[in-house]
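1. mind folding the following:
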Amino acid sequence: MGEVTVHQRLPLSDGKSIPILGLGTCSMEKPVKGETIKAVKAAIEIGYRHLDGAFLYGNEDEVGEAIRAKIADGTVKREDVFYTSKLWMTYLSPALVRKGLETTLKNLKLDYVDLYVVHWPMGLKPSEKDLFPEDANGKILLDDVDICATWAIMESCKDAGLVRSIGVSNFN
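-> Numbering: from 1, shown residues only. Reported below is the predicted structural model:
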């Protein structure tokens with residue numbers, strides 16, 4: 001069996017490929033300001049080219065800052081970095097998919113993401129202020145979403161060049 005390196009890639013169904021190793025940027029607690037920037041810069045410096053993030057993680061601004069800094073200092077070019085992000089559950093309504101992606105791009109200050117996946121296969125009530133909208137009794141508010149219609153908008157985001165590849169996550 002061969003040695004696994006950070007530069008090995010796996011093919012995706014659309015013909016593109018994804019680096020086999022990546023840095024996940026999720027923090028189980030609220031990220032400490034500046035820590036994500038340091039971690040992502042260090043990861044890029046030692047050879048990581050796949051970075052996995054999400055709107056939910058609340059740190060895409062710092063991930064983007066680190067990516068842009070490593071591009072600016074000549075360590076990498078944008079096309080060397082494979083960034084995965086995820087469409088959050090409050091943006092699953094087809095009318096909100098592109099807005100969710102544009103929010104991620106604005107946070108990152110990047111022109112595109114390499115892979116954009118539906119984070120979870122169920123929708124929550126659309127909300128720009130609450131990640132987990134609740135009713136007066138604290139019950140999480142679900143939204144009846146047609147995932148096929150959501151997927152069609154994801155495809156249009158790919159066609160528009162805002163994402164290179166699309167997919168799903170946690171669809172067991």
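
2. tell me where the protein has strands.
-> Using DSSP state E, the strands of the chain run over 9-11, 17-19, 22-24, 50-52, 82-87, 113-118, 123-124, 142-143, 163-168.

3. need the residues that contact the longest helix seen in the chain.
-> Counting residues, the longest helix in the chain under DSSP state H turns out to be helix 94-108. Residues from elsewhere that reach helix 94-108 (C-beta atoms under 8 Å, 6 or more residues apart in numbering): 55, 60-61, 63-64, 67, 83, 85, 87-88, 90-91, 111-113, 116, 126, 145-146, 149-150, 152-154, 156-157, 162-163. In this view, the C-beta of every residue, glycine as well, is placed from N, C-alpha and C.

4. what subset of those residues is buried?
-> 55, 60, 63-64, 67, 83, 85, 87-88, 90-91, 112-113, 116, 126, 145, 150, 153-154, 157, 162-163 (16 or more other C-beta atoms under 10 Å).

5. so how far is stretch 18-28 from its chain's centroid?
-> From the chain centre to the centre of stretch 18-28 is a distance of 10 Å (C-alpha atoms, centre = their mean, to the nearest Å).

6. likewise for stretch 26-35?
-> Distance, stretch centre to chain centre, for stretch 26-35: 16 Å (C-alpha atoms, centre = their mean).

7. re the thing from before, buried deepest among the strands of the chain, which one?
-> Mean neighbours per residue, mean count of other C-beta atoms under 10 Å, is largest over these for strand 82-87, with a mean of 26.

8. that strand packs against which elements?
-> strand 17-19, strand 50-52, helix 60-72, helix 94-108, strand 113-118 (3 or more C-beta pairs under 8 Å, 6 or more residues apart in numbering; DSSP states H and E).

9. and the ones you listed: which comes nearest Asn137?
-> Closest approach to Asn137 among the helices and strands packed on strand 82-87 is made by helix 94-108 (25.1 Å; C-beta to C-beta).

10. any idea what the most centrally placed residue in the chain is bridged to?
-> By C-alpha atoms, centre = their mean, the chain has its centre lying nearest to Ser85, at 0.7 Å. Legend: beta-bridge partners of Ser85 under DSSP bridges are Tyr116.

11. make sure it is actually in contact with Ala54.
-> Yes. With contact defined as C-beta atoms under 8 Å, Ser85 and Ala54 form a contacting pair (5.8 Å).

12. tell me, what's touching these two both at once?
-> Here Ser85 and Ala54 have Glu60 as joint contacts, going by C-beta under 8 Å, 6+ apart.

13. residues making contact with stretch 161-171?
-> Stretch 161-171 is contacted by residues 12, 14, 16, 18, 86, 98, 101-102, 105, 111-121, 151, 154-155, 157-158 when judged by C-beta under 8 Å, 6+ apart.
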